[in-house]
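Asker: Predicted model follows, preceded by the sequence.
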Amino acid sequence: MAGYTGEIILETAEAGGMMQMAADQDELVTSVKAHRLLGWRPRHASFTDNPEQHYRAWKAGQSSTTD
């Protein structure tokens with residue numbers, strides 16, 4: 001890489017610096033493709049759909065990892 005000095009220079013996105021590179025990497029990830037192609041459906045819509053059940057599952061997993 002000719003001219004590479006090992007320094008990271010933060011320039012504005014308009015100038016095409018590191019901020020532009022970071023902005024280009026920003027993506028929105030969804031499960032729409034899995035729904036459409038595979039017919040996949042999550043067992044739980046979110047963590048808040050049944051927090052007691054999720055807590056019990058987490059707690060059970062904690063005791064099995066300390067054995």
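Answerer: All right, it came through fine.
Asker: could you pull out the helices for this protein?
Answerer: For the chain, helices defined by DSSP state H occupy the ranges 18-25, 32-38, 51-65.
Asker: Which one of those helices lies nearest to Ile8?
Answerer: The closest approach between Ile8 and any of the helices of the chain, judged by CB to CB, belongs to helix 18-25 at 6.0 Å. All C-beta atoms are positioned from the backbone trio N, CA, C, and that covers glycine.
Asker: Which one, of the helices of the chain, ends up nearest to Thr5?
Answerer: Between Thr5 and the helices of the chain, the shortest separation by CB to CB is 13.7 Å, and it involves helix 18-25.
Asker: Could you dump the helices of the chain into a markdown table with mean pLDDT added?
Answerer: Compiled in a markdown table, the helices of the chain are given as follows (pLDDT from 0 to 100):
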| stretch | mean pLDDT |
| --- | --- |
| helix 18-25 | 67 |
| helix 32-38 | 90 |
| helix 51-65 | 85 |
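Asker: Any chance of CSV for those, columns distance to Glu7 and mean neighbour count?
Answerer: What follows is the helices of the chain, written out as CSV (distance: least, CB to CB, whole Å; neighbours: other CB atoms under 10 Å):
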stretch, distance to Glu7, mean neighbour count
helix 18-25, 11, 11
helix 32-38, 39, 10
helix 51-65, 43, 9
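Asker: As TSV, those helices with distance to Ile9 would be great.
Answerer: Putting those into TSV (distance: least, CB to CB, whole Å) gives the following:
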stretch	distance to Ile9
helix 18-25	7
helix 32-38	37
helix 51-65	44
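Asker: and of those helices, who's closest to His44?
Answerer: His44 lies closest, by CB to CB, to one member of these: helix 51-65, at 7.5 Å.
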